[in-house]
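Peer 1: Got a predicted structure plus its sequence, pasted below:
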Amino acid sequence: MAEHQDHEPLPSSDVRATGIDVVVVGAGFGGIACAIECKRKGHRVMILEKVRELKQLGDVSFFGLVSLGPNAGRILARWGLHERLWEVCRSANEIHIYDYLGGLIQVQKLSWPLFGAFAYNGHRGLIHEILFEHAKSLGIEIRMGHQVVEYWEDEANGKAGVKIQTGETFDADVIVAADGVKSLARKYVIGYHNPKPSGYAIYRAWFDAEEHGIATDPLTNFLTHGDQFYTWIGKDMHVIAISSRGGKATCVFVTHKDNAAVDGEWSSPGNIEDILELVKDWDPRCAAIICKAPSCIDWKLLVHDPLPTWLSQSGRVVLIGDAAHPFLPSSAQGASQAIEDGLTLAVTLNLAGKDNVRLGTRTWESIRYQRVYDAQVLGESTREKWHGAKVGDSGKSFEFPMPEWLMAFDAEAHAYAAYERIAQSIVKDGYYQPCLEEVKEAV
């Protein structure tokens, strides 16, 4: 069993009831993290989730692998989940990067723990189930099959609320909308809903390595030697092949140009032959891996311009995770930043107190806004760098970026350290309008 770094106790060790009621909409990674931290910080919390069964949240066909960076890993370690997570999703010690013809560009060495914490790469369903069960073990009420159809605020009574499909309503001091990239709350908060095509799409597949012949093919059996991470880059595309669970499972991602209009669903069953056409002149190992996938998903990558705010007018409806800031897969930070969102919000609400909930949410937004933006930009620059790679390129510049400012970050410690200064600035100004440069200077 791998060792992990112990963490110094933070102010959250002494939990006192705050009297703050929080309703979280959505039981994905951001929603679960927010609920767990709200419980740890003394708030009363309940989760409303639209699907009826947990397995739908971790559907292998749609999601496959999820990556949680060390910045999220240190949070999960504080929850006491490291050993359980490491059993199902160890991270590769190397990232092998090739040009599209198979020439080696760089082998990126990784040593865990990194910056004092572990990353976790594995099947979304397995990781999510561990977090979900941990939330239940803390006594957090999770109501499945509760689809929110409306948001509202009643500032005269200091409340916000939601209505579900049955007509039942729930109110709270804060409504946390962790309802994903298709967020209903986003339109309520900013008045419009504007996802647009990014110009890219990604084919995804996840399958059993032994059952589908990965181990017996000399072109693919390198993926069965423990947890591996291989990527081929260039020609406006990149292919990632990852083995998980000690080489027992294979996950493939093919990110490519796609300007097709998106109408209705953003994902649909894909065609393996279409992927093989994309990689027909690439390293033969790419086609050898892809042709073994029994099925795939064609996932259109939509983006949003940075939202002007993640808060409703009263500050009592809060967007977190993909509802506030969708990430490109090339960032490998979407779930990690959602977890940071939820944790930080729980801290700022605790420090603000029940009588100052709106100050707590506004301070939270100020703490988070620029950091999230910078992480999003990093994902875009990585994709452009990889897609511009040429045969013969080499060097560290093509490594997957793991900068200290991103990976070594301790969201909980930072929230405690930054809160008073930023909150005082907000009170002094008498209002709050998020601005990238102002937030960057403050944080």
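Peer 2: Cool, got the structure. Remember, predicted model here, so these are calculated numbers, not experimental data. Numbering: from 1, shown residues only.
Peer 1: residue ranges of the helices in the stretch 301-443 of the chain, please?
Peer 2: For the stretch 301-443 of the chain, the helices defined by DSSP state H, counting those that start in this stretch cover 334-352, 357-387, 404-407, 411-429, 436-442.
Peer 1: Quick one: closest of those to Trp152.
Peer 2: helix 357-387 (16.1 Å; C-beta to C-beta). Any C-beta I mention is one placed from the backbone N, CA and C, and that applies to glycine too.
Peer 1: Determine the set of other helices and strands touching that closest one.
Peer 2: Here helix 357-387 touches strand 229-234, strand 237-244, strand 317-319, helix 334-352, helix 404-407, helix 411-429, helix 436-442, going by 3 or more C-beta pairs under 8 Å, 6 or more residues apart in numbering; DSSP states H and E.
Peer 1: Do you have the strands of the stretch 1-150 of the chain handy? List them.
Peer 2: 21-25, 44-49, 65-68, 94-99, 104-109, 120-123, 141-144, 148-154 (DSSP state E, counting those that start in this stretch).
Peer 1: Of all those strands, which one comes closest to Ala423?
Peer 2: That would be strand 21-25 among the strands of the stretch 1-150 of the chain, by C-beta to C-beta, at 18.8 Å.
Peer 1: How is the protein partitioned into domains?
Peer 2: The chain resolves into domains spanning 18-91+118-195+305-442, 196-303 when parsed by automatic domain parsing.
Peer 1: elements contacting the strand of greatest length in the chain?
Peer 2: Ordering each strand of the chain by length in residues (DSSP state E) puts strand 196-208 first. Using 3+ C-beta pairs under 8 Å, 6+ apart as the contact test, the elements touching strand 196-208 are strand 249-257, strand 297-303.
Peer 1: residue nearest the centroid of this structure?
Peer 2: Centroid-nearest residue in the chain, with C-alpha atoms, centre = their mean: Ala335, separated by 1.3 Å.
Peer 1: Neighbours of Pro308, how many?
Peer 2: Around Pro308 sit 12 other residues, with neighbours defined as other C-beta atoms under 10 Å.
Peer 1: so what's the closest residue to it other than its chain neighbours up against?
Peer 2: Nearest residue to Pro308, sequence neighbours excluded (C-beta to C-beta, 6 or more residues apart in numbering): Ile190, at 6.4 Å. Shown in contact with Ile190 (C-beta atoms under 8 Å, 6 or more residues apart in numbering): Leu307, Pro308, Thr309.
Peer 1: try it again with 10 Å
Peer 2: His304, Leu307, Pro308, Thr309, Trp310, Leu311, Ser312, Leu319 (C-beta atoms under 10 Å, 6 or more residues apart in numbering).
Peer 1: what does Pro329 give?
Peer 2: By C-beta under 10 Å, 6+ apart, the neighbours of Pro329 are 65, 67, 200, 202, 204, 238, 240, 253, 255, 299, 301, 379, 383.
Peer 1: now do 6 Å
Peer 2: Ile202 (C-beta atoms under 6 Å, 6 or more residues apart in numbering).
Peer 1: same deal with Leu307?
Peer 2: Leu307 sits in contact with Ile190, where contact means C-beta under 6 Å, 6+ apart.
Peer 1: what about it, distance to Leu114?
Peer 2: Remark: distance between Leu307 and Leu114 (C-beta to C-beta, to the nearest Å) = 31 Å.
Peer 1: Can you tell me which of the helices of the stretch 301-443 of the chain has the worst average pLDDT?
Peer 2: Across the helices of the stretch 301-443 of the chain, helix 436-442 has the smallest mean pLDDT, namely a mean of 41.
Peer 1: tally of neighbours for Lys257?
Peer 2: Neighbourhood size, Lys257 [other C-beta under 10 Å]: 12.
Peer 1: Val181 now?
Peer 2: Val181 sits with 17 neighbouring residues when counted by other C-beta under 10 Å.
Peer 1: Could you say whether the residue of the chain most remote from its centre sits in a helix, a strand or coil?
Peer 2: No residue in the chain sits farther from the centre than Ala156, which is 34.9 Å out by C-alpha atoms, centre = their mean. When classified by DSSP: H, G, I helix; E, B strand; the rest coil, Ala156 comes out as helix.
Peer 1: begin at 51 from here
Peer 2: I'll keep to 51 as the first residue from here, and by that count the last item is Ala206.
Peer 1: any idea how far it lies from Ala402?
Peer 2: As judged by C-beta to C-beta, Ala206 and Ala402 stand 20 Å apart.
Peer 1: ok, now Val212?
Peer 2: Counting by C-beta to C-beta - Val212 and Ala402 are separated by 22 Å.
Peer 1: what about these two, which has more around it?
Peer 2: Val212 (25 against 21).
Peer 1: and the more buried one, what helix or strand is that in?
Peer 2: Using DSSP states H and E, Val212 sits within strand 209-214.
Peer 1: Buried ones in the next helix or strand after that strand, by neighbour count?
Peer 2: The helix or strand immediately downstream of strand 209-214 is strand 219-222, counting by DSSP H and E. Neighbour-count burial for strand 219-222 flags Phe220, Asp221, Ala222 (criterion: 16 or more other C-beta atoms under 10 Å).
Peer 1: Stretch 135-148 now?
Peer 2: Leu135, Trp136, Val138, Cys139, Arg140, Ser141, Ala142, Ile145, His146, Ile147, Tyr148.
Peer 1: Using CSV, write down the CA coordinates of it.
Peer 2: Extracted in CSV, the C-alpha atoms of stretch 135-148 (Å, rounded to 0.1, in the frame of the first residue of the first chain):
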residue,chain,number,x,y,z
LEU,A,135,-9.2,5.0,-3.8
TRP,A,136,-5.7,3.7,-4.4
GLU,A,137,-7.0,0.2,-4.6
VAL,A,138,-9.1,1.0,-7.6
CYS,A,139,-7.3,3.8,-9.4
ARG,A,140,-3.6,4.1,-9.1
SER,A,141,-1.9,6.6,-11.3
ALA,A,142,0.8,5.8,-13.8
ASN,A,143,4.4,6.6,-13.0
GLU,A,144,5.1,7.7,-16.5
ILE,A,145,3.4,9.4,-19.4
HIS,A,146,4.7,8.2,-22.8
ILE,A,147,4.3,10.9,-25.5
TYR,A,148,4.7,10.0,-29.2
